[in-house]
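1. Sharing a model prediction with you, sequence too.
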Amino acid sequence: MKFADDPTEYFNFDLGKAHHLSRREFEPMQLEAVGARFAHLAEKLPPLRALADQRGIGEIANLDQLPATFFHHSIYKSYPGDALIAGDFATMTAWLENFTTNDLSALDGREFFTIDAWLEAVNTDTAMHVLHSSGTTGSLSFIPRGKLEQQFSIRHAQMCMVEIAKPHAFYPNKPDYKVIWPSYAAGWSGVLTLGEMFRDAYCATPEDYHPLVPDRLSADHQLYLMQIENARAAGQEFVGAANDYIQASIDRSFALLGNEKERNAELLRCIAEDWRERKVVYAGGPVVLYNLAKAGLAQGLENVLAEGSRIITFGGFKGVSPVGDEEAVIKRFSGVPRIQFLYGMTELPTGFLMCENGRYHIPPWIIPYVLDPEAGEPAPRQDAQCGIAAFMDLTAQTYWGGLISADHVEMSWNTCSCGRTTPHMGTEIERVEG
């Protein structure tokens, strides 16, 4: 099962090879791998067993029946309603145990007073690498990823860089980039974990990682702010009060934001003077990349990144500004002619790179589906289809990798005009609820 256990080794870090397999080649491997994953996990994960029994599925005999075993994305916020707010982390741990084969007994009998402290213990004292969502719905999802899967994320990022770096060479065993990450240094959210993942994938030493904000963003703080925002959007008054821990985090954030101009200026000075000869990965959400680039251009800084530097961002530039010059600003500031976009979800350890024709390509260790938004039935896996994206991640070994997302997409199984044979998605991706 090397194909599913570690695709980077199976394909020898050659992403191009992975994306030029024919369906005739990769679908038998997918079926064998998912059959083994289901047989291994169905008896170990109660929610999967319950769903399979409800649907009458005892084994995976063909890929068409697979979506019937997928979890809806909301399952990862299905913990008892008040457990998180009440600080009942024994209940949270017991809930999490339903979704992983990793042993969480190291947390038995321990008290935690914040979400951050609980996540720190889960991710330090067990084999887990739990991530949380952004909390935009007013509650947090917790994704039961393990360190095993997180290590694959790092190797996959290196596999991507072998492709992105061309015509320059990138050697996964000898990473040599600086990473500029214009955001918080760390956090347990899926997005902020990317900064640390890029550090581990692309930097020779931790000192080559340069976040803008030298702090970890608190999960308690994030949840509190999103609850306030959602109450305001609903025309309601949020009645909760920040406890001392959350208030301290808020105060620290205000203090950090207070000297943002100084930190921006120092980061730009280092880019323009100290690191002129070093290859850089300039990575982050489009807003933060744009804002730093604008600040640089305001100082007269253009074409500042060394030859071989690369830009990586996720999502698009819609809503960043009314000007519509975002890509041009970033390219002018950096001197890098192409921005590498990727599509990702907190639930997936694998991001999908955009090809030169503006399509997000799905590697063969991810089995994609498009579901009817109303009936939930899968569309034929051929030609172009529109609907709710669903994925089976074959690299998930300690949790079930089948998931129905919240994204409405257009997906095609036709060979892309770029020559890649893997399924691919367009850029018009709409977040839906339900």
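-> Structure received. Residues are numbered from 1 along each chain as shown.

2. Pairing-wise in the sheet, spell out the partners of residue 360.
-> residue 354, residue 425 (DSSP bridges).

3. any idea how far residue 424 is from it?
-> To residue 424, residue 360 is 6 Å away according to Cβ to Cβ, to the nearest Å. Bear in mind the C-beta positions are built from the backbone N, C-alpha and C, glycine included.

4. swap in residue 150?
-> 26 Å.

5. With neighbour numbers in mind, choose between these two.
-> residue 424 (26 against 19; other Cβ atoms under 10 Å).

6. So for the helix or strand containing residue 116, what gets flagged as buried?
-> Using DSSP states H and E, residue 116 sits in helix 115-125. Residues of helix 115-125 classed as buried by neighbour count (16 or more other Cβ atoms under 10 Å): 115, 116, 117, 118, 119, 121, 122, 123.

7. Of those, which is the nearest to residue 356?
-> residue 123 (37.1 Å; Cβ to Cβ).

8. per-residue pLDDT, the closest one?
-> On pLDDT, residue 123 comes in at 97.

9. pretty sure it contacts residue 188?
-> Yes. Applying Cβ atoms under 8 Å as the test, residue 123 and residue 188 come out as touching, 7.3 Å apart.

10. got any residues that touch both of those two?
-> residue 130 (Cβ atoms under 8 Å, 6 or more residues apart in numbering).

11. What segments of the stretch 101-250 of the chain are strands?
-> 131-132, 142-143, 178-187, 209-217 (DSSP state E, counting those that start in this stretch).

12. Residues in contact with the last one: which ones?
-> Around strand 209-217, the neighbours that count as contacts under Cβ under 8 Å, 6+ apart are 116, 178-187, 189, 192, 195-196, 198-199, 203, 252-253, 256, 260, 263-264, 267, 270, 288, 292.

13. before we move on, back to that, which one among the buried residues of helix 115-125 gets closest to residue 393?
-> residue 123 (19.7 Å).

14. residues contacting the closest one?
-> Taking Cβ under 8 Å, 6+ apart, one finds 129, 130, 188 in contact with residue 123.

15. Over to residue 29?
-> For residue 29, the contacting residues are 3, 4, 364, by Cβ under 8 Å, 6+ apart.

16. Go through those residues and give me the one with the most neighbours.
-> Ranking those using other Cβ under 10 Å puts residue 364 first, with 24 neighbours.

17. show me where pLDDT drops low in this structure?
-> 317-323, 433-434 (pLDDT under 70).

18. how is it carved up into domains?
-> Following automatic domain parsing, the chain resolves into domains at 1-38+359-434, 39-143, 147-343.

19. related to what we said a few turns ago, just the CA trace of the helix holding residue 116, in PDB.
-> C-alpha atoms of helix 115-125 as PDB (Å, rounded to 0.1, in the frame of the first residue of the first chain):
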ATOM      1  CA  ILE A 115      -8.800  25.300  24.500                       C
ATOM      2  CA  ASP A 116      -5.200  26.200  23.900                       C
ATOM      3  CA  ALA A 117      -4.000  24.100  26.800                       C
ATOM      4  CA  TRP A 118      -6.100  21.200  25.700                       C
ATOM      5  CA  LEU A 119      -4.800  21.300  22.200                       C
ATOM      6  CA  GLU A 120      -1.200  21.800  23.400                       C
ATOM      7  CA  ALA A 121      -1.500  18.600  25.400                       C
ATOM      8  CA  VAL A 122      -3.200  16.600  22.700                       C
ATOM      9  CA  ASN A 123      -0.600  17.600  20.100                       C
ATOM     10  CA  THR A 124       2.400  17.300  22.400                       C
ATOM     11  CA  ASP A 125       1.700  14.300  24.600                       C
END
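
20. just the angle between that helix and strand 178-187, please?
-> 120 degrees (axes from the mean of the first three to the mean of the last three Cα atoms, to 10 degrees).
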